[in-house]
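1. need the 3D shape of this:
(one chain, ligands or ions: 2)
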Amino acid sequence: MPNTTRRSFLKKMGVGAAVAGLTPRLQAAGANERVRWGLIGCGQRGRWFFEGADYVCDPDKSRLAVAAEKSGVDAAHAVTDLRRILDDPAIDAVVIATPDHWHAPAAILACEAGKHVYVEKPCSHNFREAQLLLKAARENNVVVQHGTQQRSTPFTIEAIQKLHEGVIGDVLVAKAWNIQHRDNIGFAEPTPVPAEVDYDMWVGPAEMIPFQTNRFHSDWHWWYNFGTGDIGNDGAHDIDYARWGLGIDALPSKVVALGGKYFYDDAQQFPDTATCIFEYAGEDGRTPRQIVFEMLLWTKNYPLNCDSGVEYFGTAGKMFLSKRGKMLIYDEQNKVVEEKRGEKEPPLLHFENFVDAIRSGRKPSADILEGFRSVALIHLANIALRTGHSLDFDSTTEQITNDNSANGLLSRQYRDGGHWAKPTGV
Ligand SMILES: NC(=O)C1=CN([C@@H]2O[C@H](COP(=O)(O)OP(=O)(O)OC[C@H]3O[C@@H](n4cnc5c(N)ncnc54)[C@H](OP(=O)(O)O)[C@@H]3O)[C@@H](O)[C@H]2O)C=CC1
Ligand SMILES: O=C1CO[C@H](CO)[C@@H](O)[C@@H]1O
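-> Ligands and ions are numbered 1, 2, ... in the order given. A predicted model of the protein is given here:
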């Protein structure tokens, strides 16, 4: 569809308001510089990216039809197989908003096809895939932006800059939390695959298990085969800005995690309650530091009335920061010395930062190296919870040193008989 027709179509559809500012900016530099991109995964998150997409891709034909209509692409650009996008030399980039088990396999294929990648958080389903994605990004010299959008939010950037400039002294500990009331996913039995869904494509390189309603749309988060639990879902944000504020550019040396299903009686495999501690022993030449992450998925009694937040403890005070746009700075006597509220940010600022990075050659605000360092914590915490004991981690060899069998959980089981999207080297 020509751009003028697309613009009037989108105007007519009333899609512009939430994403205003995106399309004009992409088009401002002229036809030759317009970044052409495809959206892979058209669910809850994917719908934020409908406007401006040159392709949409989803294995559920009903979701695909909605995505095609909203983005204004023709039938040839609404596909169920992501390879059709990667094969098109006119495409510069992809946005990946699939379930977690597809993130790294799709992103690695995209890098190898020379496409720039915006990949939703967590950038991988497991540690090994994150290592391989980082390698693929660097070897193919493409921009890979991790979907932790706080990294492009001016309010958060300013607060973190204050921490790095020493507003509370040397920051030694960050306590992050993800506290909310989630739903019970119940128990279900396998049922026939809905006619409109290509389930083989949906499962992709993961182990093939039968279709089940409470493992599908969004509920896949809570199953080992497809998701990373809420540590990898909402926790991915909290853990990332905790590490960012501490200024840690390393992997942890020790991970302790305790938790389980304390509340829900349902089929989900991941804990609804967890406390995870990551210790950095100072290999980077700095003093030891610690991140504590707390997750309770059955209460709205959040600290400081925020479902997501981080308290940074420094040698000269404390900062509370929430991605919800709240910041408080306390002095050594625990007196509030500064308070700030953030504006509601345009939701696609992080995507704009990605496009700017493609055009300018500058690093994006959540470069995949940062993504790798943050998702490493998610994967190690999940391994500690599954094994039931603490992990000693060698950040040089990137191996668990106190339990060789736990190293098996750094990767995953793939589909029997192989799959075209299984990354090489897993
Ligand atoms: N940064 C943020 O603020 C947010 C990030 N997210 C992240 O976005 C991702 C998606 O979450 P969410 O939208 O809630 O989940 P959904 O289940 O709603 O959407 C995922 C979509 O991906 C589709 N899909 C599955 N396999 C493929 C494939 N091979 N090719 C193309 N599409 C595929 C699914 O198909 P089908 O229609 O058949 O199910 C589904 O439509 C998650 O990783 C999540 O962590 C989510 C919300 C906010
Ligand atoms: O990043 C996210 C923001 O909030 C959503 C609802 O809790 C999450 O599912 C999502 O992954």
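2. all the strands of the stretch 151-300 of the chain, residue numbers only.
-> Remark: strands of the stretch 151-300 of the chain, listed N- to C-terminal, are 171-179, 254-260, 273-280, 289-296; assignment by DSSP state E, counting those that start in this stretch.
3. tell me which of these sits nearest to residue 356.
-> Ranking the strands of the stretch 151-300 of the chain by their distance to residue 356 (criterion: C-beta to C-beta) puts strand 171-179 first, at 28.2 Å. C-betas here are computed from N, CA, C, even on glycine.
4. and that closest one, what does it pack onto?
-> Helices and strands touching strand 171-179, by 3 or more C-beta pairs under 8 Å, 6 or more residues apart in numbering; DSSP states H and E, are helix 235-246, strand 289-296, strand 308-314.
5. now with 10 Å, please.
-> Using 3 or more C-beta pairs under 10 Å, 6 or more residues apart in numbering; DSSP states H and E as the contact criterion, the neighbours of strand 171-179 among helices and strands are helix 154-164, helix 235-246, strand 273-280, strand 289-296, strand 308-314, strand 317-322.
6. could you dump these to TSV with mean pLDDT, mean neighbour count and distance to ligand 1?
-> Below are these laid out as TSV (pLDDT from 0 to 100; neighbours: other C-beta atoms under 10 Å; distance: least, C-beta to the nearest ligand atom, whole Å):
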stretch	mean pLDDT	mean neighbour count	distance to ligand 1
helix 154-164	98	17	13
helix 235-246	98	26	7
strand 273-280	98	22	17
strand 289-296	98	22	15
strand 308-314	98	23	11
strand 317-322	98	24	14
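7. which residues does residue 402 contact?
-> For residue 402, the contacting residues are 254, 389-394, by C-beta atoms under 10 Å, 6 or more residues apart in numbering.
8. may I ask which of those residues has the most neighbours?
-> Across those, neighbour numbers were computed from other C-beta atoms under 10 Å; residue 393 holds the maximum, 26 neighbours.
9. what's the span of stretch 298-308, first residue to last?
-> Using C-alpha to C-alpha, to the nearest Å, the end-to-end distance of stretch 298-308 comes to 14 Å.
10. closest residue of this protein to ligand 2?
-> Taking C-beta to the nearest ligand atom, ligand 2 has its nearest neighbour within the chain at residue 233, 4.5 Å off.
11. what's the burial count for that residue?
-> Counted with other C-beta under 10 Å, the neighbours of residue 233 add up to 21.
12. what's the answer for residue 271, then?
-> For residue 271, the number of neighbouring residues by other C-beta under 10 Å comes to 25.
13. nearest residue to the one residue sitting closest to the centre of the chain other than its sequence neighbours?
-> The structure's the chain has its C-alpha centroid closest to residue 121; by C-alpha atoms, centre = their mean the separation is 0.6 Å. Counting by C-beta to C-beta, 6 or more residues apart in numbering, residue 236 is the residue found nearest to residue 121 once chain neighbours are left out, at 4.0 Å.
14. pretty sure that neighbour sits against residue 120.
-> Yes. Counting by C-beta atoms under 10 Å, residue 236 does reach residue 120; the two are 9.1 Å apart.
15. joint contacts of these two?
-> Taking C-beta under 10 Å, 6+ apart as the contact criterion, the common neighbours of residue 236 and residue 120 are 100, 146-148.
16. among those residues, which are in reach of ligand 2?
-> Here nothing survives when these are matched to ligand 2 using C-beta under 6 Å from any ligand atom.
17. from residue 324, how far off is residue 381?
-> Shown here: residue 381 relative to residue 324, a distance of 23 Å by C-beta to C-beta, to the nearest Å.
18. the more surrounded of those two?
-> Set side by side, residue 381 and residue 324 show unequal neighbour counts under other C-beta under 10 Å, the larger going to residue 381 at 30 against 15.
19. pretty sure the more buried one is touching residue 236, no?
-> No. Look at residue 381 against residue 236 with C-beta under 10 Å: they stay out of range, at 11.1 Å.
20. next, show the common contact partners of the two.
-> Between them, residue 381 and residue 236 share the contacting residues residue 228, judged by C-beta under 10 Å, 6+ apart.
21. up against ligand 2, what does the stretch 101-250 of the chain have?
-> Residues of the stretch 101-250 of the chain lying close to ligand 2 (C-beta under 6 Å from any ligand atom) are 233-234, 237.
22. on that earlier part again, make JSON lines out of the strands of the stretch 151-300 of the chain and add distance to residue 363.
-> Rendered in JSON lines, the data for the strands of the stretch 151-300 of the chain read as follows (distance: least, C-beta to C-beta, whole Å):
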{"stretch": "strand 171-179", "distance to residue 363": "23"}
{"stretch": "strand 254-260", "distance to residue 363": "28"}
{"stretch": "strand 273-280", "distance to residue 363": "23"}
{"stretch": "strand 289-296", "distance to residue 363": "23"}
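23. can you give me the domain boundaries for the protein?
-> Using automatic domain parsing, the domain ranges for the chain come out as 6-151, 157-186+213-343+368-410.
24. which residue is the nearest non-sequential neighbour of residue 83?
-> Setting aside the residues directly before and after it, residue 83 is nearest to residue 109 in space (C-beta to C-beta, 6+ apart), at 7.5 Å.
25. and that neighbour, helix, strand or coil?
-> Reduced to three states with DSSP: H, G, I helix; E, B strand; the rest coil, the structure at residue 109 is helix.
26. show me the contacts for it.
-> Applying C-beta under 10 Å, 6+ apart, the residues near residue 109 are 82-83, 85-86, 94, 115, 117, 136, 420-421, 423.
27. quick one: which of those sit in strands?
-> With strands identified by DSSP state E, the entries of those that belong to them are 94, 117.
28. among the contacts of residue 109, name the buried ones.
-> Of all those considered here, the ones buried according to neighbour count by 16 or more other C-beta atoms under 10 Å are 82, 85-86, 94, 115, 117, 136, 421, 423.
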